[in-house]
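Q: structure for this input, please:
(2 chains)
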Amino acid sequence: DTEVTQTPKHLVMGMTNKKSLKCEQHMGHRAMYWYKQKAKKPPELMFVYSYEKLSINESVPSRFSPECPNSSLLNLHLHALQPEDSALYLCASSSPGGTYEQYFGPGTRLTVT
Amino acid sequence: GIQVEQSPPDLILQEGANSTLRCNFSDSVNNLQWFHQNPWGQLINLFYIPSGTKQNGRLSATTVATERYSLLYISSSQTTDSGVYFCAVEFQGYSTLTFGKGTMLLVSP
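A: Residues are numbered from 1 along each chain as shown, chains lettered A, B, ... in the order given. Next comes the predicted model:
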């Protein structure tokens, strides 16, 4: 099973709201990723978790807060977002260390009003 | 610095035509993946191909690591092949994927 699931598929939120995006994988992968993708652009890496520890934060604003409760789950908590944060948010996972293949979820399309 | 360049940026084909997409990369790699992003945003793994040649149905890919390029071949294209094709590379000494800007493919009936 090479599936990564994400919920919700779509999210509309106001600038004062707090919401969370969820990602789950059952492939035994120990590295998980959040990417942000704007229209007509490639995905941009936001965060990497390796063995449930945050290993890379690509200078993402603090209004985005990642969390990895266990090896299968990855959350992205959102607070006080701006309209320019509207984008497709993609989760991915991979096996740890050495060479590995990343698998992506279907994404959450976020609109900030 | 490290770079991934894809060409062409846009491609329009008639159904049934063949095409070749190219990915040039600037340094030695541990990992190279080709993805197809469908109109709903899903990134679908096509090939994991840091070197050599692989085939999957109408699609095949070749990576010549010593010359720093990879090619994706699509034969007998179908309208469902439309979307954006991304090449993504993990350069040696790095632990993350660097994406090219993609090739937007439109296959018309």
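Q: state the distance from the spatially most central residue of chain A to chain B.
A: Note on chain A: the residue nearest the mean C-alpha position is residue A:34, at 3.0 Å, using C-alpha atoms, centre = their mean. According to C-beta to the nearest C-beta, to the nearest Å, residue A:34 stands 12 Å off from chain B. For glycine as for every other residue, the C-beta is placed from the backbone atoms N, C-alpha and C.
Q: parallel or antiparallel, list what pairs with whatever helix or strand that residue lives in.
A: With secondary structure defined by DSSP states H and E, residue A:34 is part of strand A:31-37. For strand A:31-37, the pairing partners within the sheet under DSSP bridges are strand A:44-50 (antiparallel), strand A:87-94 (antiparallel).
Q: roughly how far does residue B:91 sit from chain A?
A: 12 Å.
Q: check residue B:39 too.
A: 12 Å.
Q: same question for residue B:27.
A: For residue B:27, the distance to chain A equals 15 Å [C-beta to the nearest C-beta].
Q: returning to what we had before: what's across from the residue nearest to the centre of chain A in the sheet?
A: Going by DSSP bridges, residue A:34 forms beta bridges with residue A:47, residue A:91.
Q: over to residue B:29?
A: Counting by DSSP bridges, the residues bridging with residue B:29 are residue B:91.
Q: which SS state does the closest residue to residue B:50 other than its chain neighbours fall under?
A: Excluding its sequence neighbours, the residue lying closest to residue B:50 (C-beta to C-beta, 6 or more residues apart in numbering or on different chains) is residue B:32, at 4.9 Å. Taking DSSP: H, G, I helix; E, B strand; the rest coil as the rule, one finds residue B:32 in the strand state.
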